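S.K.: Sequence first, then the predicted structure:
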Amino acid sequence: MSQWEVVIGIETHAQLATVSKIFSGASTAFGAAPNTQAAPVDLALPGVLPVLNKGAVECAIRFGLAVDAQVARKSVFARKNYFYPDLPKGYQISQFELPVVQGGHVTIVVGQGEKSYEKRVNLTRAHLEEDAGKSLHEDFHGKTGIDLNRAGTPLLEIVTEPDMRSADEAVAYAKALHALVRWIGICDGNMQEGSFRCDANVSVHKPGTPFGTRREIKNLNSFRFLKEAIEYEVRWQIETLEDGGSIQQATVLFDPATGETRAMRSKEDAHDYRYFPDPDLLPLVIGEDWVERTRAALPELPEAKKQRFMADYGLSAYDATGLTASLETADYYEACVAAAGQASAKPCANWVMVDLAARLNKEGLELGQSPVSAVQLGGLVARIADNTISNAIAKKVFEALWAGEGSTADEIIEKQGLKQITDSGAIEKLVDEVLAANAANVAEFKAGKEKAFNALVGQVMKAAKGKANPQQVNDLLRAKLAG
Amino acid sequence: MSLSLSEVQRIAHLARIEVSEAEAETSRNHLNGIFSLIEAMQAVDTSGVEPMAHAQDLSQRLREDRVTHLDEDGSRRAAFQAVAPETEAGLYLVPKVIE
Amino acid sequence: MIHASLKELAAALAAKSISSVELTRLYLDRIARLNPSLNAFVTLDEDRSLAAARAADARIAAGQAGPLTGIPIAQKDIFCAQGWRTTCGSKMLENFISPYDATVIVKLEQEAGMVSLGKVNMDEFAMGSSNETSWFGPVRNPWDQTRVPGGSSGGSAAAVAAALAPVATGTDTGGSIRQPAALCNLTGLKPTYGVVSRYGMIAFASSLDQAGPMARSAEDCALMLSAMAGFDEKDSTSLERPAEDYSRCLGQPLKGLKIGLPKEFFGEGCGAEVMAAVQAAIGEYQRLGAEVVEVSLPNSHLSVPAYYVIAPAEASSNLSRFDGVRYGYRAPEYSDLNDMYSKTRAQGFGAEVKRRILIGTYVLSHGYYDAYYLQAQRIRRLIANDFVEAFKECDVILGPTSPSTAFKRGEKAADPVQMYLSDIYTIAVNLAGLPGMSLPCGFDGQGLPIGMQLIGNYFDEARLLNVAHGYQQATDWHRRTPAGLE
């Protein structure tokens, strides 16, 4: 098996976050009653004509700038002709020879920890096109129902070079792209609703020989399906070839229930779409001024932000990557640091990526739904930094904030009397009491058992109800035991 | 250039027009006549000539991203579907689609 | 009254010597009497027409009338009109009641206050030069009912020529306004591409289609174009230009006008009687003070080949929406989805439409695109450039509209190529996107009308109309009407 190399290219359809459709004034909102968001243009009534949505073009420009691509000064809309009931005109308006975004690249991090590596995935192009409607296959007396609410929703189809070499790389790319389109606000990324769908072109070959024949797996709407589908497809292709068979170019569907792929019957005309420039639409011309205005309005991009986090906050590459996984996370983190003080940047990173993330995960919540705000968390970290509370107490305060027991960490610390004891007189008193009451442990320690020391620390902390400053307790104990 | 009967059938299938064998033969003759008319074009040297897709050399005008089609009560859908061959529950019905 | 000009009709309406309702009834009565033999109208709705006439009368009474308010009109059945059956001459749309209005309909009915008498016959999906391809049967030429009225706007032409309507809308993709105007003794104008909105006009070849008026004089056409033209945000190819009064140049002297005569239009291929009438018209223009210069359109012989690649290619795609799913005809029996498509389209479209869909599908298909479609687009550029060069030498271009007068029904129906050659003089104008007109300039020995074509530079409609108007002030060909249709 190891002699086969896997080659993957991905085409992603990202629904653009416009309020109206790409060529009509119907809404793009998800979930309306069937065919109530289908204007005459979307129904392809005789005589209707498309007019291009400026918002969709703006999204394409944002994307082109975000992936360091060429934003074409002139691009052309073409008709892709095929018959399908969810394609009302009998053609899809797309871009073929001159797409709006040309080239570009996305940097991905594959794997975790020590074994992780960075890779650049090159983009061929990204073009604007319209989405199709939906075919509903539940039984209407053996017929299919057609809902055209989705027809005409603007899509950016983002096409990579065949640069990926494993399902893991493909998933890392899809995740990075998913984060990026949300980051720049051009797609809501809702995969359940079909806002972000991937097609994977998969082939296998022996290194040093030409690429194998590829099969395209359509419409993968979760990262897990993407991974499972590619892994199945790779196994299938290798087995087929090793059994002396050959691969025929095909479009296939992944069935999550069986975990298998199968060829699509509806794609028999796929080889002859008869593309030609749409005579109803003129060339799309994008001026330098529009590109520059869009560039100025773009948020700081993930890669730049990651570098800045490393430089300004002294974060590791790993932390900086994690905190720039989404704009939401990065914004939360920066608000947290602003509240805690820049000196606490590293503890803020730990709180956001470890404690908060774990708590959110446990409750199945997104960052945007966190009951603890960035400012609240920053206020908490600040109290650790100034020794008002210990880390252990901080976890209690965090839980209290989560439960809404107070509006700030300070309020909770005050109300629940959690302030750390730093008065060395008070701590000395507790230490003396513990030493007096635990002669056995003292003797063990003096006999060289370090463990006994920890037991003594524990006793002091217990006596202090956890509020004594751990460092001070340590120092005093050592001094007393040495004395 | 001359079209074969199987080419006529291939094109007819791409265009989703059923053509009987007799019709295919008539179509073939007509199409070949028309293609011989079109052939006159082939001899012309057009190297360096920019293809002309539109009558005017203009660029696409853009629409502001606003919702202008509203149909909250489904009355427009009802009007549009009044001319449809077959609908149910607001959906257009077609013979079973096999993906 | 039935042969009055639009200006005269407006004056009579304004003077209340006739009401719009009376005028509408007058035409509806003539339609009831004469249409059964002419077959110009395919859909009538008397209640609807009379309601519009009453609304127009109210507008006139309120002093809010425009120059066309209350005047009846025949609408080519290619324009979607809400509540009207809109068939495009096809079985495919035999029962299609449009749920929306074309921009041209909005402008003429709602804005100008004109009264639609009904929808008029046409070649199916505007594909034809004789009106024989209509699902609703051929239209007869009022000048000789054994002959064709031309096409595709044959119903429009027959309706106006027989005075079943004072004026009509038409559309022109390769000559579909000008050729029937010539064959029926009318004045018809195809404007510069983009001047009249295509929204709601059922597409044949999107980059060539343009709507325009068919009337009895250039003066009427000017009034009509002023109402039909204008920027429309619903049509991306509509031109953003200020509104124009296309009558503004009427009456200007023609002295010093430079008329270009393309030598390619005056060679072989044109009937002798047509040529003689056109030559006589040139003499008339010279008497009116115009100068004549020879120009050349060296690639014009390529316009028919280029057109029969580009127009079918666009049509093959434009007509894919007729699939039996959302509206229109659906075959009664089929085995599965593809069979439903193939039978619906085989049964719903007529032979000529199917032929053009097949040509278009072929020239766009894999392996042929460059040799056919791209080559045709390059030739289209050469043809347009020829006109740019020619207009450096002249103000307007003049020639025949059609190589022959009206031919017999059935004469060319069996041979598509012969039919296509009816449009040899008109097609280049659509490829270039220029404005073109046809106006009456005489009759042949059988008493059949002859038309001449005037071609203007881009956006030069007002001048073009005045050039035609000047001729019509000096001649009376356009005033002649067919006999036996009282």
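M.R.: Yep, it's here.
S.K.: Can you tell me the element A:Lys480 falls in?
M.R.: helix A:470-482 (DSSP states H and E).
S.K.: burial of C:Cys88, as a residue count?
M.R.: 33 (other C-beta atoms under 10 Å in any protein chain shown). For every residue, glycine as well, the C-beta is placed using N, CA and C.
S.K.: on that earlier part again, pull the helix holding A:Lys480 out as PDB, backbone CA atoms only.
M.R.: The C-alpha coordinates for helix A:470-482 follow below in PDB (Å, rounded to 0.1, in the frame of the first residue of the first chain):
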ATOM      1  CA  PRO A 470       0.900  28.700  47.800                       C
ATOM      2  CA  GLN A 471       4.400  30.200  47.200                       C
ATOM      3  CA  GLN A 472       4.400  31.800  50.600                       C
ATOM      4  CA  VAL A 473       3.300  28.600  52.300                       C
ATOM      5  CA  ASN A 474       6.000  26.700  50.500                       C
ATOM      6  CA  ASP A 475       8.700  29.200  51.400                       C
ATOM      7  CA  LEU A 476       7.700  29.400  55.100                       C
ATOM      8  CA  LEU A 477       7.400  25.700  55.500                       C
ATOM      9  CA  ARG A 478      10.900  25.100  54.000                       C
ATOM     10  CA  ALA A 479      12.400  27.800  56.200                       C
ATOM     11  CA  LYS A 480      10.700  26.300  59.300                       C
ATOM     12  CA  LEU A 481      11.700  22.700  58.500                       C
ATOM     13  CA  ALA A 482      15.300  23.700  57.700                       C
END
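S.K.: From the chain's centroid, how far away is that helix?
M.R.: Here helix A:470-482 is found 47 Å from its chain centre; the criterion is C-alpha atoms, centre = their mean, to the nearest Å.
S.K.: buried set for that helix?
M.R.: Going by neighbour count (16 or more other C-beta atoms under 10 Å in any protein chain shown), the buried part of helix A:470-482 is A:Pro470, A:Gln472, A:Val473, A:Leu476, A:Leu477, A:Leu481.
S.K.: same deal with stretch A:423-432?
M.R.: Using 16+ other C-beta under 10 Å as the test for burial, stretch A:423-432 gives A:Ile427, A:Leu430, A:Val431.
S.K.: Contacts only, for the last one.
M.R.: If a contact means C-beta atoms under 8 Å, 6 or more residues apart in numbering or on different chains, then A:Val431 has A:Val460, A:Val473, A:Leu476, A:Leu477, A:Lys480 as its contacts.
S.K.: For C:Thr475, which residues are in contact?
M.R.: Contact analysis of C:Thr475 by C-beta under 8 Å, 6+ apart lists C:Ala281, C:Glu284, C:Cys441.
S.K.: so how far is C:Glu284 from it?
M.R.: Remark: distance between C:Thr475 and C:Glu284 (C-beta to C-beta, to the nearest Å) = 6 Å.
S.K.: re the thing from before, from the contacts of A:Val431, pick the one nearest chain B.
M.R.: Lowest distance from chain B to the contacts of A:Val431 (C-beta to the nearest C-beta) belongs to A:Val473, with 62.6 Å.
S.K.: and the nearest residue to the closest one once chain neighbours are set aside, what helix or strand is that in?
M.R.: Distance criterion C-beta to C-beta, 6 or more residues apart in numbering or on different chains; nearest residue to A:Val473, sequence neighbours excluded, is A:Val460 at 4.9 Å. Using DSSP H and E, A:Val460 falls within helix A:451-463.
S.K.: That helix - contacts with which helices or strands?
M.R.: The contact analysis (3 or more C-beta pairs under 8 Å, 6 or more residues apart in numbering or on different chains; DSSP states H and E) places helix A:451-463 against helix A:424-437, helix A:439-446, helix A:470-482.
S.K.: Excluding chain neighbours, what is closest to the closest residue to chain C within the stretch 351-483 of chain A?
M.R.: Residue of the stretch 351-483 of chain A nearest chain C, by C-beta to the nearest C-beta: A:Gly368 (38.0 Å). Nearest non-adjacent residue to A:Gly368, counting by C-beta to C-beta, 6+ apart: A:Glu328, 6.0 Å away.
S.K.: Could you report the neighbour count for the one you found?
M.R.: Around A:Glu328 there are 14 residues (other C-beta under 10 Å).
S.K.: Could I get the phi/psi values of the residue nearest the centre of chain C?
M.R.: Ranked by distance to the mean C-alpha position of chain C (C-alpha atoms, centre = their mean), the top residue is C:Ile177 at 2.3 Å. Note on C:Ile177: backbone dihedrals following degrees, to the nearest 10 are phi -100, psi -50.
S.K.: my guess is it meets C:Met214, correct?
M.R.: Yes: C:Ile177 lies in contact with C:Met214 (C-beta atoms under 8 Å); the separation is 5.9 Å.
S.K.: Can you point out the buried residues in the helix holding A:Val460?
M.R.: By 16+ other C-beta under 10 Å, the buried positions in helix A:451-463 come out as A:Ala452, A:Phe453, A:Leu456, A:Val457, A:Gln459, A:Val460, A:Met461, A:Ala463.
S.K.: how about those residues in a markdown table, adding pLDDT?
M.R.: Below are these laid out as a markdown table (pLDDT from 0 to 100):
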| residue | pLDDT |
| --- | --- |
| A:Ala452 | 87 |
| A:Phe453 | 89 |
| A:Leu456 | 89 |
| A:Val457 | 89 |
| A:Gln459 | 87 |
| A:Val460 | 88 |
| A:Met461 | 86 |
| A:Ala463 | 85 |
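S.K.: Tell me where the stretch 351-486 of chain C has helices.
M.R.: Ranges of helices in the stretch 351-486 of chain C, per DSSP state H, counting those that start in this stretch, are C:351-364, C:375-390, C:416-420, C:427-432, C:461-474.
S.K.: Can you classify the residue lying closest to C:Lys7 once chain neighbours are set aside as helix, strand or coil?
M.R.: Leaving out its chain neighbours, the residue that sits closest to C:Lys7 by C-beta to C-beta, 6+ apart is C:Glu219, at 6.6 Å. Each residue gets one of three states, and C:Glu219 gets helix by DSSP: H, G, I helix; E, B strand; the rest coil.
S.K.: for chain B, which helix is longest?
M.R.: For chain B, the helix with the greatest residue count under DSSP state H is helix B:21-38.
S.K.: same question, chain C
M.R.: When chain C is parsed with DSSP H, its longest helix is helix C:20-38.
S.K.: For it, name the packing helices and strands.
M.R.: If you count contacts as 3+ C-beta pairs under 8 Å, 6+ apart, helix C:20-38 packs onto helix C:6-14, strand C:41-44, helix C:46-61, strand C:72-76, strand C:115-120.
S.K.: Okay, now the unreliable bits of chain C?
M.R.: Of all residues in chain C, none has pLDDT under 70.
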